[in-house]
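Prediction below, plus the sequence it came from.
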4 protein chains.
Amino acid sequence: MIGIGVVGYGYWGPNLARCFAETEGCRLVAIADGDAAALTRAGKRHPSATQYTRFDDLLADPRIDAIVIATPVHTHFALAQAALASGRHALVEKPMTESAAQAEALIALAAQRGLILMVDHTFVYTPAIQKIKQLIASGELGEVYYYDSVRVNLGLFQSDVNVIWDLAVHDLAILQYVLDDRPATVSANGVRHVAGSPENMAHLTVYYESGPVAHLSVNWLAPVKVRQTLIGGSRKMIVYNELEPSEKIKVYDSGVVCAPAGETVDRMRVSYRTGDMWAPRIDVKEALLTEAEHFIACIRDGATPITDGRVGLSVVETLEAATQSMRRRGHPFQLSQILRAS
Amino acid sequence: MIGIGVVGYGYWGPNLARCFAETEGCRLVAIADGDAAALTRAGKRHPSATQYTRFDDLLADPRIDAIVIATPVHTHFALAQAALASGRHALVEKPMTESAAQAEALIALAAQRGLILMVDHTFVYTPAIQKIKQLIASGELGEVYYYDSVRVNLGLFQSDVNVIWDLAVHDLAILQYVLDDRPATVSANGVRHVAGSPENMAHLTVYYESGPVAHLSVNWLAPVKVRQTLIGGSRKMIVYNELEPSEKIKVYDSGVVCAPAGETVDRMRVSYRTGDMWAPRIDVKEALLTEAEHFIACIRDGATPITDGRVGLSVVETLEAATQSMRRRGHPFQLSQILRAS
Amino acid sequence: MIGIGVVGYGYWGPNLARCFAETEGCRLVAIADGDAAALTRAGKRHPSATQYTRFDDLLADPRIDAIVIATPVHTHFALAQAALASGRHALVEKPMTESAAQAEALIALAAQRGLILMVDHTFVYTPAIQKIKQLIASGELGEVYYYDSVRVNLGLFQSDVNVIWDLAVHDLAILQYVLDDRPATVSANGVRHVAGSPENMAHLTVYYESGPVAHLSVNWLAPVKVRQTLIGGSRKMIVYNELEPSEKIKVYDSGVVCAPAGETVDRMRVSYRTGDMWAPRIDVKEALLTEAEHFIACIRDGATPITDGRVGLSVVETLEAATQSMRRRGHPFQLSQILRAS
Amino acid sequence: MIGIGVVGYGYWGPNLARCFAETEGCRLVAIADGDAAALTRAGKRHPSATQYTRFDDLLADPRIDAIVIATPVHTHFALAQAALASGRHALVEKPMTESAAQAEALIALAAQRGLILMVDHTFVYTPAIQKIKQLIASGELGEVYYYDSVRVNLGLFQSDVNVIWDLAVHDLAILQYVLDDRPATVSANGVRHVAGSPENMAHLTVYYESGPVAHLSVNWLAPVKVRQTLIGGSRKMIVYNELEPSEKIKVYDSGVVCAPAGETVDRMRVSYRTGDMWAPRIDVKEALLTEAEHFIACIRDGATPITDGRVGLSVVETLEAATQSMRRRGHPFQLSQILRAS
C-alpha cells in the first residue's frame, strides 16, 4: 500500500486528494497546507488523513512514499526537490517548474535516486485526448497538418505566471502526447490589460520538428468560455470541443484534392471535397482518476509515466521561449537555443 | 443619372451588377468579361446592359461615368488606372491592389483628376459592423483592448494570393473602420499545406497605434466554417458571430475589476465580474446595396467614401507587411517602415 | 417542350417560376396575377413570359400544357378544377385544397382526363428528407417508433387558414413519404392569441396504422425559429435540424436494451446504450428544382408523382381532422371516419 | 437545532443529505436505507450520522424533528403518513404521492397535527425559475400566453411510474409557481416502446384557469438531451434552456401587433415586430440548498412552504388526469372532475 502525502489544499489539491483517496493500491496518509481554513475543509472530507501546517512535518512522516505537489508554481521546484531528496516519488502540478533549468535538475535527481517524477498534465488522461491520439496514430487523419486551439474565458488573473503558463501549458502537453514530436520554433505575441499584472492574452505559433504547426490562443479576459481545437490532416480533420457534454470529438471526412500538374488551369488546381462527419462515443471516466492510477502503477512497476519529467521539461522550455518571444512581439525563437541556454 | 460599367462577371461581379441595377440615381450601362459564358449569364439577368468582351471597348463607351472592377487581384491596378485616367470614378474589389506602391499611385491619380476612388470593403457596410462601430464610438465598451477573430472554412485555394490577402483583408478593413486607428506593427505566421500553392493558413497579430491589439486567424483548410470575433473593452465585451441568423452581436457586461493597490493580497488584486448579456436587434439591409448607394452619393456630392483609397492603401500595406513577417516566422514588422519603403 | 403557366406571383410563385424557367424540357410561357406590382416584378425576372391579369386569359393560351397554382388556399380548388377541365396538368401549392371532398373531386377529374395532378409538398424533394427515407427504408433505424417535430417561429399570421394548415402540413407530407404509411387517429390542441385570427399555436399527435406515432408542435408566435425533428427507432435514432447549414441529419447509435424477463430485478429491466453519432453528407441541390424536374418527367412519361393527388388528399384529411380535434381540446378523431364523411 | 432524518439513500437521497448537512439551523441525525451498500456510502460521507436499516428505527429516534423522504414513489404515502403521525415535519420527494386521494390525506394529517408538509419540487428553487417568476410577476412579459416545454433524453426507464410522473412533474410544479394559477383541463397522448414498461414518451396540453396554455413534451427514449422551454407573452417572450452553462434565460422583445380593425386589409391585420434580446445574469446558488434552508425556516417560523402539500396535490391531480387522458388518446379531462372524484 503506497502512502500518499498531498501538499497544497487550495483550488486543485482537493481534486488530487479525492482521486488518490479513491484509487486502489494507495492510501491518502497526510495533507499539508499553511492555511488553517484549507485544513479544516480537508478534515471534513478526509477525516482519517493526518494534517500538517508545515511541509517539513509531512516530509518527516515515514508512512509517506509519494508526494503530490499542488502549490503555486514558484514553489514547485523547492518542494519537489525536497521530496525526491528524501526518497519520495513526486507528482507535480502543471507547469512542472518555473524554468527549464529547474526541470532538468529535478529529472537528474529523480534518475539518480531511481524515483518516479511525474507531471500533472491532466488533459493527457482524458478519454477525448486519448481518442484523438488513437485517431492520429492509426493514420485516420493522414499526415497531421496543424492543431489550432482557442482556450479563452473570463478567469482569475494569476499574479505569479502569465496566461501562457496557465492555459497554453495544457495544449503543449496535449501536443507532445498526440503528435509524439518535439517543438522546434516558437513565435508568440501577448499583452497585459491590467497594469502590474502578467500578460492576460497571448497567441503562440509552435512549429514541430516533423512538420505540424500548432497555434494556441489563450485569454483570461474573454466574454465567453471557448475550448475548441481544430486539427487538420491530409485525409481527415477533427473538431475537438471540450465543453460539449457529448460529441466532444467530430471527425470530418473533408479535405483538399490536388489535380495533377498541367491537367487543369489556374485556380482550379486545388479543389476540395466534403464527406460525412462522425462523432465517436467517448468514455466518461474522470481523467484525474486515470492519472492517479497511472502514477501508482508506475511506482509499483517501476515504469515511466506518460507525462514524465522529460515531457514536463519540454513543455516548460516552450513556455520560456514563448514568453521571451512575446516580449519581442513575435520574434521567433528556436527551441534548441533555449535548451542549450538552460 | 450616373452610368455604371462593371468589369468582371465571375464570382463577385454579378452581386455588384445586381446592386447597382437596383440603386437609385445610377444605371447599369455595360458589363465586360472576356469569358463568353459569363456574358451569357450576364445577359439573362441584365438584358438591357451592353456586353463587351474587351475592357477597352467598355472604356470607350461614353455613357459610362464610373467603373466597378471585379476581376482577379493582379489586374486591379491596371484596370483602375485606366478607368481613372479616362476620367471615370472607380470602385475596386478588395484587396485594392497587389502592393502599397500601386495603391499610392491610384490615390494620387484620383486626387489629381478629382475622381472618387473607393474600395469594396463590403463588411464595413453591414448593419452588424455599423452597430459595433456605434457601440465603440459611444463609449459603451470603454477603452478597446482587443479584437480577436477566427475566419476559417474549407474554401477554394486561390492561385494568385495567399489566405491573408483573401480573408484577413476583411478584418483589417473592419478594424480600420471601427477603431478609427492605424496599424503600427504586425507579426504573422503561416504555412502552406499544398506544395506550389500560396499559404492557406495564417495567424496575424496587429498592434494599433493607440493601444488595441488585433489577432486574426484565417484558414482555407478548416473542417468547419467559423466567423467569430471577440472584442474586449474595459467596460464591456462583444461576441460577433457573422453566421448567426439573428443575434449576430452579443454585448456582455463583464470584465475585470482592479482592487486599489495594497488593499488586498496577491492573486486577489484582480477579480472579475459577470453581468447581463444583451443582443441588440440588427437591421437586415444587404451591405452591398448600402455600399452601392454610398458610392453613388459620393460621386453626386463629391464626398469622401468611408472606404476610400487611403483606407485601401492602409489595408494593403498591412497585408504586405504580414506576408513578409509570415515568411520570417513571426518576425515583427513596423508599418511605418513599410510605408516609407513604398 | 412542355408549356408552363404560373398563376399567382406573390410569396411562393416567384420561386416556382424561376425553377421551371431553369428546368429542361419545359418553357415558362405565361404568368398570371391580379396584382399589377406582382406582374411588374415578374416582368423584370422573366421578360419573355406573357403576362395576364386574369386567370381566364392564361387558361385560353393554347401554348400552355401545365398550370402551376401558387395562390391562396381557398382558391386552389376552383383554379385546379378549371386547369384540369381544360386539359392541363396541374401542380398545386400545399395544402392541396380546403377540404378532403375538394381533393377527391380533383383526383377524380384528373383520372378521368388522364392528366397529372401533383401537390407542391416541397420538403419531400429535399436531399435531407430523401436521405431520411433511405435510412428508414434500408432498416438502419430498425422499427420506427416515433417522429417528433418542433416547427415554430415568429411568422406572418395568415387570415384564411390556421397554423396547422400552414406548418403541420409540411410534416404530414414528410411522414407520408418517409413512413409509407397512413394516419389512423389524430388528437390536437391549439389556441389563438389574437382575437379574430385563426389558431396560431397547435400540437398534434398522429397515430399511424402500422405503429409509429407522430407529434407536431407548430407555432406562429415563438421567440425563436426552431425546425427540429427527433425520429426514434428500435436500432438507431435521428436528429434532423433543417436550419443547420451542414450536418442537417445526425444518426445516433443509441437506444434501449431489454433484459430477458426474470433475469434482472425491477428498474434494471430496461437499460440503455449510447454509441457513435454519424452525420451523412447531404447533397445541396435545391428541392424545388428537383420537384419541377419530377413534374415534367411525370408529364412526359405518364408516371405517378411521388406527391400525387392521393397524397395531397391524405394530408388534407388529417388537417381537417386535426382542426376538428383542436376545437374539442384533444378529443381523438379516427381518420377513416373523416374519410367516409368526405 | 432541528434534527433531520433522511430515508432513502439511492439516487437522490445523497443530495438531500448533503444539503441538510450544510444548512444552518439543523443537524443531519440519521440515515435509513434497507440496502447495506447504500448505508456504506452514506457512512463515508456522513460519518457522524446514525445509520438505520429499518425506517421504524429512524422513526423511533427521539432526536429527529423532521423526516426527508427520498424513496420510490409508491412508498411516499406510507412513509410520510408515519412521519406526520409521529409528530415529525416531512419533506417528500416529487411526485408527492401516487394519487390525489393520498395527497389529500397527508395534507389533512399535517394540518391536524400542525406540522410542515413540503414537497421537493426542486426546480422551483432554482435561480432561473425564480427569475422567470419575477419577470412574469413584474409584467415584463405582459399577459402570459403559453409555456411550451421539451424535456427529453435517453434515460433510465422507471418501472413503477410512467414518463409523465417522472418528467412532466417538473414542469407542472414550475407552472404552478410562475403562473400562480390552477390547471383546468388536460389532454395527453403517450406511448410505450418497450412491452411491459410504462409509457416512455408523452405529450400533454394543460389549460390553466385564467388563460395560459402549457404544452409538455417528455420522453425517455430520445437521441439527445433537450431541456428547452418557450414562454410566450403579449409583450415579450422567453427562451429558457436549462442546459446552457450561462444565458439560461433569454428575453425577446418580440411579438405581434394588431392593426385596428378596418384599417388594413386581410392578411396584414396582424404583423409582427422583433427587437433586442436580453439575457439577465442568473445567480449560481444550488437549488437544493435553497430548498433545504426554506424547509428549515418554515419549521422554525411556522410558515407555509412555497411548495406545500396543496401544491403537491395539484400536481398529482394533473398527473392522474394526464395518465387517464393518455390512455384515451387525448380525450380531455377537466381537473375539477378529478378533484371531486378524489
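That came in fine, so what should we check first? Numbering: from 1, shown residues only, chains lettered A, B, ... in the order given.

is it true that A:Arg328 touches B:Pro332?
Yes - the criterion here is Cβ atoms under 8 Å, and A:Arg328 meets it with B:Pro332 at 7.4 Å. (Glycine included, C-beta is placed from N, CA and C.)

From chain C, how far off is the closest residue to chain D within chain A?
Closest residue of chain A to chain D, Cβ to the nearest Cβ: A:Pro47 (6.5 Å). In this view, A:Pro47 and chain C are 34 Å apart by Cβ to the nearest Cβ, to the nearest Å.

Settle this for me: that residue is touching D:Ser48, isn't it.
No - at 9.6 Å, A:Pro47 and D:Ser48 do not qualify as touching, with contact defined as Cβ under 8 Å.

tell me, how many neighbours does the residue of the stretch 1-150 of chain A found nearest chain C end up with?
Here the residue of the stretch 1-150 of chain A nearest chain C is A:Lys131; by Cβ to the nearest Cβ that distance is 11.1 Å. If you count neighbours by other Cβ atoms under 10 Å in any protein chain shown, A:Lys131 ends up with 20.

Could you export the longest helix seen in chain A as CSV, CA atoms only?
Assignment by DSSP state H gives helix A:309-326 as the longest helix of chain A. This file holds the C-alpha atoms of helix A:309-326, laid out as CSV (Å, rounded to 0.1, in the frame of the first residue of the first chain):
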residue,chain,number,x,y,z
GLY,A,309,9.8,14.8,-16.2
ARG,A,310,11.2,15.0,-19.7
VAL,A,311,7.7,15.8,-21.0
GLY,A,312,7.4,18.4,-18.3
LEU,A,313,10.8,19.9,-19.3
SER,A,314,9.9,20.1,-22.9
VAL,A,315,6.7,22.0,-22.1
VAL,A,316,8.5,24.4,-19.7
GLU,A,317,11.2,25.1,-22.4
THR,A,318,8.5,26.1,-24.8
LEU,A,319,6.7,28.2,-22.2
GLU,A,320,10.0,30.0,-21.5
ALA,A,321,10.7,30.6,-25.2
ALA,A,322,7.1,31.8,-25.8
THR,A,323,7.4,34.3,-23.0
GLN,A,324,10.6,35.6,-24.5
SER,A,325,9.2,35.8,-28.0
MET,A,326,6.1,37.5,-26.6
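
Mean confidence (pLDDT) on that helix, please.
Across helix A:309-326, pLDDT averages out at 97.

Can you tell me the SS state at A:Ala103?
helix (DSSP: H, G, I helix; E, B strand; the rest coil).

Pretty sure it sits against A:Leu313.
Yes - at 4.0 Å, A:Ala103 and A:Leu313 qualify as touching, with contact defined as Cβ under 8 Å.

shared neighbours, these two?
Both A:Ala103 and A:Leu313 are in contact with A:Met96, where contact means Cβ atoms under 8 Å, 6 or more residues apart in numbering or on different chains.

Which helix or which strand is home to whichever residue of the stretch 101-250 of chain A sits closest to chain C?
Per Cβ to the nearest Cβ, A:Glu247 is where the stretch 101-250 of chain A lies closest to chain C, at 5.9 Å. A:Glu247 belongs to no helix or strand when assigned by DSSP states H and E.

Check the residue nearest to it when sequence neighbours are not counted and give its pLDDT.
With sequence-adjacent residues excluded and distances taken as Cβ to Cβ, 6 or more residues apart in numbering or on different chains, A:Glu247 is closest to A:Ala279, at 4.3 Å. The per-residue pLDDT reported for A:Ala279 equals 96.

show me the contacts for A:Ala279.
Taking Cβ under 8 Å, 6+ apart, we find A:Ala279 in contact with A:Ser246, A:Glu247, A:Ile249, A:Lys250, A:Val251, C:Asp276, C:Met277, C:Trp278, C:Ala279.

partners of it in the sheet?
Beta-bridge partners recorded for A:Ala279 (DSSP bridges): C:Met277.

give me every residue that touches the residue of the stretch 1-150 of chain A closest to chain C.
A:Ile249, A:Pro280, A:Ile282.

List the buried residues for the strand or helix carrying it?
Secondary structure assignment for A:Lys131, by DSSP H and E: helix A:127-137. By 16 or more other Cβ atoms under 10 Å in any protein chain shown, the buried positions in helix A:127-137 come out as A:Pro127, A:Ala128, A:Ile129, A:Gln130, A:Lys131, A:Ile132, A:Lys133, A:Leu135, A:Ile136.

what about A:Gly25, how many neighbours?
For A:Gly25, the count of nearby residues is 12 (other Cβ under 10 Å).

what's the closest non-adjacent residue to it?
A:Gly25 sits nearest to A:Ile296 (Cβ to Cβ, 6+ apart), 4.8 Å away.

Could you check the pLDDT of that neighbour?
A:Ile296 carries a pLDDT score of 98 in this model.
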